[in-house]
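> sequence plus predicted model, see below.
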Amino acid sequence: MPLDAETRKPLQPRVQPGYYPDYDVISQQRFWDAATRELVLKRLNPAPPLRFFTPEEAKLMQVVCDHLLPQDDREPGHRIEIVPSIDERLFAKKGPGYRYEDMPPDDEAYRLFLQALDLMAPANYGRPFLELTWREQEEILQALNKSRPPDGAGEIWKRLSLPKVWTLLVGDCITAYYQHPWSWSEIGFGGPAYPRAYMRLERGQPEPWEVDEQRYSWEAPPDTLSDLDESSHHDHYPHLTHGGIHD
């Protein structure tokens, strides 16, 4: 759980975290055209069943997404489902229309990435990734983020560009989260600007429908590596800061 920066106590989950607690972007729907309104409201529906990831892969993906985009500050019933969105894209084989020559198709890239996690965890900690502590999982993921993969999956990294698959994964998580109206309310976004448009962009003033920020200070949970910089991470976890690829 994130901590209150002053009291050092965990912040309680909210229906809507962020600095705009009284704002609801859905209140703006009357200003959207019918097609846009239908598309946005559809995103509030329950997530469809998974069709690409196996049950075991889905558990692993959920933990990875929880690390990349934590939602501990959201009440359980108001957390944005990220895995089903990625699953739907991969099942339908939707993509940007191009592929890097040193990358397999996205669906294969995801499966290889998850296999790499299952190989690196036992090689470095003697247990499967899902059985590691939160901190140990953070260590592996941060090493991957730095393109310094821990031992155990060297053969996979010969077939899969680590920087590119990491960018793919993070990009999909961000897309899934920030396409949801709940995240728009969280950041005070007014939703689609068509057909209403904006009128004060050049004056640096808020639009009439925008609300004031209600900021509060918080810190990352103590079992994460989010607040450690490069040098401190190396001091604490030198065994996971290798360079290059290891078998």
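Right, received. Where do you want to start?

> buried residues in stretch 50-63, which are they?
Residues L50, F52, F53, E57, A58, L60, M61, V63 are the ones in stretch 50-63 that count as buried (16 or more other CB atoms under 10 Å). Where C-beta positions appear, they are placed from N, C-alpha and C, glycine not excepted.

> could you work out the most separated pair of the residues you listed?
Taking CB to CB, the two most distant members of these are F52 and V63; they sit 17.1 Å apart.

> roughly how far apart are the residue lying farthest from the centre of the chain and I187?
Note on the chain: the largest separation between a C-alpha and the mean C-alpha position, by CA atoms, centre = their mean, falls on R203 (33.0 Å). Taking CB to CB, to the nearest Å as the criterion, R203 is separated from I187 by 21 Å.

> so which residues of the protein form strands?
In the chain, the strands defined using DSSP state E lie at 3-4, 218-219.

> of all the ones you listed, which one is nearest Y198?
In this view, those are compared for proximity to Y198 by CB to CB, and strand 218-219 is the closest at 29.9 Å.

> now do the closest one: distance to the chain's middle.
Between the mean C-alpha location of strand 218-219 and the chain-wide mean there is a distance of 19 Å, by CA atoms, centre = their mean, to the nearest Å.

> so where's this protein shaky on pLDDT?
Under the criterion pLDDT under 70, the flagged ranges of the chain are 227-247.

> where along it do the helices fall?
34-42, 55-68, 83-91, 106-125, 134-145, 154-159, 162-178, 181-187, 230-236 (DSSP state H).

> now those helices in CSV, with distance to P13?
As requested, the helices of the chain are arranged in CSV below (distance: least, CB to CB, whole Å):
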stretch, distance to P13
helix 34-42, 24
helix 55-68, 14
helix 83-91, 20
helix 106-125, 27
helix 134-145, 17
helix 154-159, 36
helix 162-178, 16
helix 181-187, 13
helix 230-236, 28
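
> figure out which of the ones you listed is closest to R99.
Checking the helices of the chain against R99 by CB to CB gives helix 106-125 as the closest, at 7.8 Å.

> mind listing what's buried along that closest one?
106-107, 109-121, 124-125.

> next: stretch 7-16.
Of the residues in stretch 7-16, those buried under the neighbour-count criterion (16+ other CB under 10 Å) are L11, P13, Q16.

> export those to CSV and tack on distance to R99?
Formatted as CSV, the entries for those read as follows, by distance: CB to CB, whole Å:
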residue, distance to R99
L11, 41
P13, 39
Q16, 38
